[in-house]
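Engineer: Mind folding the following:
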Amino acid sequence: MRAPLSWLREYVDLPAGETGRDVAAKLIAAGLEVETVDQLGTGLSGPLVVGKVLAIEELTEFKKPIRYCQVDVGQANGTGEPQNLVCGARNFAVGDKVVVVLPGAVLPGNFAISARRTYGKLSEGMICSAAELGMGEDHDGIIVLPPEYEPGTDAIELLQLVDEVLDIAVTPDRGYCLSLRGIAREAATAYGLPLRDPALLDVTAPGEYGPAVEVADPAVCDRFTARAVTGVRPEARSPIWLRRRLQKAGMRPISLAVDITNYVMLELGQPLHAYDRSRIEGAIAVRRAEPGEKIVTLDGVKRVLDAEDLIIADDAGPIGLAGVMGGASTEIADAGPGTGDGEGTREIVIEAAHFDAVTIARTARRHKLSSEASRRFERGVDPQAAAAAAQRAADLLVLLAGATAEAGVTEVRHATEPRAITLAADHPDQVAGVTYGWETVVRRLQQVGCDVAGTDELTVTVPSWRPDLTDPNDLAEEVIRLEGYENLPSTLPRPPAGRGLTDRQRLHRRVGRALAGAGYVEAPNYPFLGEAVFDKLGLPADDARRRTTRLLNPLSDEEPALRTTLLPGLLATLRRNDGRGSHDLALFETGLVFRPTGQEQPAIRLGVDARPTDAELAAQDASLPRQPRHAAAVLAGACERAGWWGPARPAIWADAVEAARLVAREAGVRLEAVADQHAPWHPGRCAALYADVAGERTLVGHAGELHPRVTKALQLPPRTCAMELDLDVLERAATGAVRAPHVSTFPVATRDVALVVDSGVPAADVEAALREGAGELLESLRLFDVFTGEQLGAGRKSLAYALRFRASDRTLTAEEASAARDAAVAAAVTRTGAELRG
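Structural biologist: Reported below is the predicted structural model:
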């Protein structure tokens, strides 16, 4: 929500010297998120004046049309003589009023203006467009002003070019701040000043002769106000002050009637809609859509309606998506060519209603149609403001369009009692750990707009514009934020002795530290995904990772499900960084994945007034999918960069396998790598990783190089590698605390062996046989070379291992080391058919 400071001052008498940054600091202290304070007109200086076009000479000898104009700028140039100006715009004529910047002025962006010769003529300044004055991005033509302004009038003041605008990120619980009324209320409270509430108007009482309205379901539309305005001048245009306020607030001026509805929405927070009365057939009805009904909305899109959609209709069918967007069939038409209506709209029906927030949110999401109106209804709109908003819009149409407001006002109301909350007077004290006292609590709640009665126990009646206040903790939060979060004391909690991290938490932290120490960068991602990514990963139709848990209210319709694997988020992060110039990447993430089993029970709704019982907690657990903790890593580009020491080494599948082994070592677990075919990995460069869990060989994860089709579909660098492990399985495979290695004082004996085996024999099998045969004297075993060639014959490979032997109590003799080596080779020969290579 963009709030111009000049507009805000209409409702609160802020101190004269307060800047936008000062006001922002106050609002931030009160709990609002002010993202920026835009300084409009920074560096702008005159003379910038109104001019009247006296004559236009067309210069046709150039590639594009150029005009040489004589413009009356009054006494602004010191002589009263017409100003000669060169201009390329075509949207003005002789007699029009335009904005002229004269030599000596400076436009935004430090653009100094001087007289200069161009296109063979001397141009003594410039005729300005909106973009050149910082009023918007419109470069299509210059600004044509209404005819009532005299030449020489200061355009800086006329166009309100110098101002400050607060850009506020309104959180879902503060929907009332999507209006100047709400922001002014917060500013008035922050400064301790009175508020001039723009909703306090003399409203015409409901009568019998207003537009006919029928509401089918009061539960989703508890208030609907309709007013008719006649005698509208279709040629009437929005005045400059109205257009500028809309522009500063981030909205584009369209036409007078539409601009007024948008202006009132920004002012009061109540969305409005204006219908062309002559196009409405019969009574206005608020109802659910019939299956298969269609509507063309104002954006020109033909939409098929759902039975759950709430619509506005007449006898001919739908004329609007309630609370979202109106229909094209009853759109306000301007006078003039190109509007489809030579005369334009002369009679208008104003709609001001209050709709159910959930219904509007679902309709907007269903049609992928987020509008300014739906944003406000989703967050909660003041139902008491509807009549005032309709009155305000009618008054502005009377004032600016020469219209007449009919006496009849239709108001359909479903009586609702104000919400009352019982609050212990010291409850905010208990929540904050600070003693505020009865007077402070009552004063702050009254500043919010609540009615408060009682002493030790308060009965608090919540104002209509705060639907987010539903329980005592909400009221306590209001007191605390207005008293200032910065005034809360910082106290460290005292944890009970003897409790610390669980084994699962320790493993999680060790894994993160180990991967970071190995050069990987942690890249946490949102736990959401779209099911289309499974096709890009090449997962089979029956893959368990395709069974997802869908969210009822996803942040994005493109990612409505909880992740079943960490890879989509990591690979998206890798692609984004690669696209921005970082090509040597090693990223990791640890986090939960969500694997539904199909046995989940329906969730129950828990109360907030008491701690859930053990049975309720058990029922909630039974409704959740299985949530194992995973670790994943992705690599692309160079694993070791080039330098004076040599060329770069690209990341390969073996680096992904080593990352997995690094993670396993933090759990004290040895992984067995076996060749496998498993999407999304390359079938020839994929390893299935197994560990011994309670004597049973158990799959922990996979590692290797991604399939070329996957890298192409996800727009990844070629030969991207990845690994993903289940940390919960690793934890079960661990035998307890990881023990520090024993450091022997005796020397090591090293023996190398090269074994020739069939190419289909896994190196892991050969390694396991060597370990078993070598016995307790073997300290470590490392594969340092793999060789294939004509010398070995077809289908054969040579695996070279370095064996380190050491005893803890003595120096090994050469005979003992050789005997252990020979035993290891003999075991490999027996189990794998290996031959010792000479």
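
Engineer: just the strands in the stretch 451-600 of the chain please.
Structural biologist: 451-454, 457-461, 521-522, 528-529, 561-562, 585-592 (DSSP state E, counting those that start in this stretch).

Engineer: For the ones you listed, give me CSV that also has mean neighbour count, distance to Q70 and mean pLDDT.
Structural biologist: For the C-beta atoms, the positions are set from N, CA and C on the backbone; glycine is no exception. Shown next, in CSV, are the strands of the stretch 451-600 of the chain (neighbours: other C-beta atoms under 10 Å; distance: least, C-beta to C-beta, whole Å; pLDDT from 0 to 100):
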stretch, mean neighbour count, distance to Q70, mean pLDDT
strand 451-454, 14, 66, 92
strand 457-461, 17, 67, 94
strand 521-522, 13, 65, 96
strand 528-529, 20, 63, 95
strand 561-562, 20, 67, 96
strand 585-592, 21, 63, 96
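
Engineer: can you pull the contacts of the closest residue to L587 other than its chain neighbours?
Structural biologist: Leaving aside its sequence neighbours, L587 sits nearest to A523 (C-beta to C-beta, 6 or more residues apart in numbering; 4.4 Å). Contacts for A523 (C-beta atoms under 8 Å, 6 or more residues apart in numbering) come out as L570, T573, L587, F588, E589.

Engineer: do that again at 10 Å, thanks
Structural biologist: Counting by C-beta atoms under 10 Å, 6 or more residues apart in numbering, A523 touches 569-570, 572-574, 576-577, 585, 587-589, 632-634.

Engineer: Buried subset of those residues as a ChimeraX selection?
Structural biologist: In ChimeraX, this line selects whichever of these come out buried by 16 or more other C-beta atoms under 10 Å:
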select :569,570,572,573,574,577,585,587,588,589,632,633,634
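
Engineer: Pick the one among the contacts of A523 closest to E558.
Structural biologist: In terms of C-beta to C-beta, no member of the contacts of A523 lies closer to E558 than A572, at 11.8 Å.

Engineer: any idea how far the closest one lies from A638?
Structural biologist: Going from A572 to A638 by C-beta to C-beta, to the nearest Å gives 21 Å.

Engineer: repeat for V748
Structural biologist: Distance of V748 to A638, given as C-beta to C-beta: 33 Å.

Engineer: could you pull out the helices for the stretch 151-300 of the chain?
Structural biologist: Secondary structure of the stretch 151-300 of the chain by DSSP state H, counting those that start in this stretch: the helices cover 155-158, 180-191, 240-248, 256-268.

Engineer: Could you say which of those is packed most deeply?
Structural biologist: Comparing those on average neighbours per residue, with mean count of other C-beta atoms under 10 Å, the densest one is helix 256-268 at a mean of 25.

Engineer: quick one: low-confidence parts of this structure?
Structural biologist: Low-confidence segments of the chain (pLDDT under 70): 137-140, 335-342, 838.

Engineer: one more time with 50
Structural biologist: Counting by pLDDT under 50, the ranges of the chain that qualify are 337-341.

Engineer: Quick test: name the residue nearest the centre of it.
Structural biologist: Centroid check for the chain by C-alpha atoms, centre = their mean gives L555 as the closest residue, at 7.6 Å.

Engineer: do you know how far the nearest residue to that one once chain neighbours are set aside is from R379?
Structural biologist: Nearest non-adjacent residue to L555, counting by C-beta to C-beta, 6+ apart: F528, 6.8 Å away. Going from F528 to R379 by C-beta to C-beta gives 22 Å.

Engineer: What of R510?
Structural biologist: Distance from R510 to R379, by C-beta to C-beta: 43 Å.

Engineer: Neighbour count: those two, which is higher?
Structural biologist: Using other C-beta atoms under 10 Å, the more surrounded residue of R510 and R379 is R379, with 21 against 15.

Engineer: Enumerate every residue touching the more buried one.
Structural biologist: If you count contacts by C-beta under 10 Å, 6+ apart, R379 has them with 170-178, 269, 357, 361, 467-468.

Engineer: what does V479 give?
Structural biologist: By C-beta under 10 Å, 6+ apart, the contact set of V479 is 423, 427-429, 431-432, 434, 436, 440-445, 447-448.

Engineer: Out of those residues, which end up buried?
Structural biologist: Judged by 16+ other C-beta under 10 Å, buried ones among the contacts of V479: 423, 427-429, 432, 434, 436, 440-442, 444-445, 447-448.

Engineer: So which of those sit within helices?
Structural biologist: H427, P428, D429, A432, T440, V441, V442, R444, L445, Q447, V448 (DSSP state H).

Engineer: how about CSV for those residues, with distance to R810 added?
Structural biologist: CSV is the format used below for those (distance: C-beta to C-beta, whole Å):
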residue, distance to R810
H427, 74
P428, 74
D429, 73
A432, 69
T440, 80
V441, 79
V442, 85
R444, 80
L445, 82
Q447, 84
V448, 82
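
Engineer: For I332, state which of those is nearest.
Structural biologist: Here the nearest of these to I332, counting by C-beta to C-beta, is V448; it sits at 37.5 Å.

Engineer: in terms of contact, does the closest one touch A476 like I think?
Structural biologist: No - using C-beta atoms under 10 Å, V448 makes no contact with A476, being 11.8 Å away.

Engineer: ok, now which ones touch L54?
Structural biologist: C69, Q70, V71, D72, P82, Q83, V94, G95, P151.

Engineer: Find the residue closest to L180 in space, skipping its chain neighbours.
Structural biologist: Excluding its sequence neighbours, the residue lying closest to L180 (C-beta to C-beta, 6+ apart) is E267, at 5.3 Å.

Engineer: Could you pull up the residues touching that neighbour?
Structural biologist: 7, 10-11, 179-181, 184, 198-199, 245, 249, 389, 392.

Engineer: Could you measure from it over to R392?
Structural biologist: For E267 relative to R392 (C-beta to C-beta), the value is 7 Å.

Engineer: Now do the shared contacts for the two.
Structural biologist: Listed contacts common to E267 and R392 are P198, A199; contacts here mean C-beta under 10 Å, 6+ apart.

Engineer: Check which helices and strands the lengthiest helix in the chain sits against.
Structural biologist: When the chain is parsed with DSSP H, its longest helix is helix 814-832. Helices and strands touching helix 814-832, by 3 or more C-beta pairs under 10 Å, 6 or more residues apart in numbering; DSSP states H and E, are strand 749-758, helix 763-774, strand 778-787, strand 796-805, strand 835-836.

Engineer: Who are the packing partners of the shortest one?
Structural biologist: Applying 3+ C-beta pairs under 10 Å, 6+ apart, one finds that strand 835-836 makes contact with strand 749-758, helix 814-832.

Engineer: rerun that using 7 Å as the cut-off
Structural biologist: Counting contacts by 3 or more C-beta pairs under 7 Å, 6 or more residues apart in numbering; DSSP states H and E, strand 835-836 packs against strand 749-758.

Engineer: Tell me the buried residues in the strand it packs on?
Structural biologist: A749, R751, V753, L755, V756, V757.

Engineer: Looking at the residues you listed, which is nearest P15?
Structural biologist: A749 (85.2 Å).

Engineer: A794: which of the contacts of R379 is nearest?
Structural biologist: Ranked by distance to A794 (C-beta to C-beta), the contacts of R379 are led by A361 at 67.1 Å.

Engineer: State the distance from that closest one to D451.
Structural biologist: Distance of A361 to D451, given as C-beta to C-beta: 29 Å.

Engineer: what about C177, neighbour count?
Structural biologist: 26.
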